[in-house]
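Chemist: Starting from these lines, generate the structure:
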Amino acid sequence: MSCDTGLLRALAPGMPRSGERLGAELGISRAAVWKAVQRLRTLGVEIESLPRRGYRLAAPLELLDAAAIRAALPQSLAAGLAAIEVHDAIDSTNARVLAAAPPGRLIACLAEHQSAGRGRRGRSWFAAPGAGICLSVGGRFAAAPADFAALAPAVGAACATALAAAGVPEIRLKWPNDLLLGEGKLGGILVELRGEAQGPVTLAVGVGINLRLAASTRAAILAGGGLAPADLSGCPVPGRNRLAAALLEAVAGCLVAPAAMLGESARATWQARDALRGRKVRVEGAGAVLEGRARGLDESGALLLEGADGTRRRVTAGEVSLREAP
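Modeler: Modelled structure (predicted):
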């Protein structure tokens, strides 16, 4: 365990701790404690300096715990998982699942911090240590990649339902893979596949949720060209481990069988929570720019875009982005 990780764990309860006491517990000097504080602040951790009292997190932190997450899952799912891994730091939870996924069973990987977290189109996913949920679930399947064509919107609908059940209000879905709180981006979904056209396939579904964002992290997200972010700091949601378990259950439920087509329940959820439905949008990607009104999703999860002449065309996921048309 690094001194940065040890410091985060020592400060997690939210009580002030002096630099001298922290140094004694971690076996480092007070100067090393100060340097670790600065490194964590650079990563977006909100640490307050209190005169003559030491350091304190701006809010208490519930650290991720594999046993607590497993205990919050339905017994059948908990028993069927090959593993629930919790890492202090990792490059990417999706990359870990793709590398370690066993055949015929699911594996889940979570991390307090990702050094190379990713969103769609190669964008970075910013999350300060302990400030969000970075979760990936996946495995190896006999199915072909095409059998999972509608997986991303199916997972989005399932996660939106889980978040709403946990007490998060106004959860909406933005095609193809964004979870919105109001007009801000609360989280995202990244599906990655490795395999031959006829199968088998190794699959990882990553879900990132913002729990508490520091001002520096918000600025980094905006500088990266993403949507304005939102977090759950003002929502009365359950503890971090219980919320992680609810999201894990939602994703795992979508992997029970390949999702080449959206089920009726998932499409109904999209229709009820679709942030773009009926609105003018611009679709950019693959060297083309399309404008029209978003008319929901078809059975395959493709966006239905209605042109000025009333004709509709399917827009599939991939290298596309959506922005409100002027």
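
Chemist: Quick one: the helices in the protein, in order.
Modeler: Secondary structure of the chain (DSSP state H): helices at 3-11, 19-26, 30-42, 66-71, 75-80, 93-100, 151-165, 215-223, 240-254, 264-273.

Chemist: Can I get the ones you listed in JSON lines including mean neighbour count?
Modeler: Yep, even glycine has a C-beta here, placed from its N, CA and C like the rest. Shown next, in JSON lines, are those (neighbours: other C-beta atoms under 10 Å):
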{"stretch": "helix 3-11", "mean neighbour count": "21"}
{"stretch": "helix 19-26", "mean neighbour count": "16"}
{"stretch": "helix 30-42", "mean neighbour count": "16"}
{"stretch": "helix 66-71", "mean neighbour count": "17"}
{"stretch": "helix 75-80", "mean neighbour count": "12"}
{"stretch": "helix 93-100", "mean neighbour count": "21"}
{"stretch": "helix 151-165", "mean neighbour count": "23"}
{"stretch": "helix 215-223", "mean neighbour count": "15"}
{"stretch": "helix 240-254", "mean neighbour count": "22"}
{"stretch": "helix 264-273", "mean neighbour count": "17"}
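
Chemist: Check those helices for me: which has the lowest mean pLDDT.
Modeler: If the helices of the chain are sorted by mean pLDDT, helix 215-223 sits at the bottom with a mean of 81.

Chemist: Identify the bridge partners of the residue nearest in space to the middle of the chain.
Modeler: Most central in the chain under C-alpha atoms, centre = their mean is residue 208, positioned 1.0 Å from the mean C-alpha point. Here residue 208 sits in beta bridges with residue 134, residue 188, going by DSSP bridges.

Chemist: Kindly provide the distance from it to residue 160.
Modeler: 14 Å (C-beta to C-beta, to the nearest Å).

Chemist: Residue 62 touches residue 243, doesn't it?
Modeler: No - taking C-beta atoms under 8 Å as the definition, residue 62 is not a contact partner of residue 243, at 9.5 Å.

Chemist: Residue 186 reaches residue 208, doesn't it?
Modeler: No - using C-beta under 8 Å, residue 186 is not in contact with residue 208, being 9.4 Å away.

Chemist: Any chance of a markdown table for the helices of the chain, columns distance to residue 178?
Modeler: Formatted as a markdown table, the helices of the chain follow (distance: least, C-beta to C-beta, whole Å):
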| stretch | distance to residue 178 |
| --- | --- |
| helix 3-11 | 28 |
| helix 19-26 | 39 |
| helix 30-42 | 27 |
| helix 66-71 | 24 |
| helix 75-80 | 26 |
| helix 93-100 | 17 |
| helix 151-165 | 8 |
| helix 215-223 | 13 |
| helix 240-254 | 15 |
| helix 264-273 | 11 |
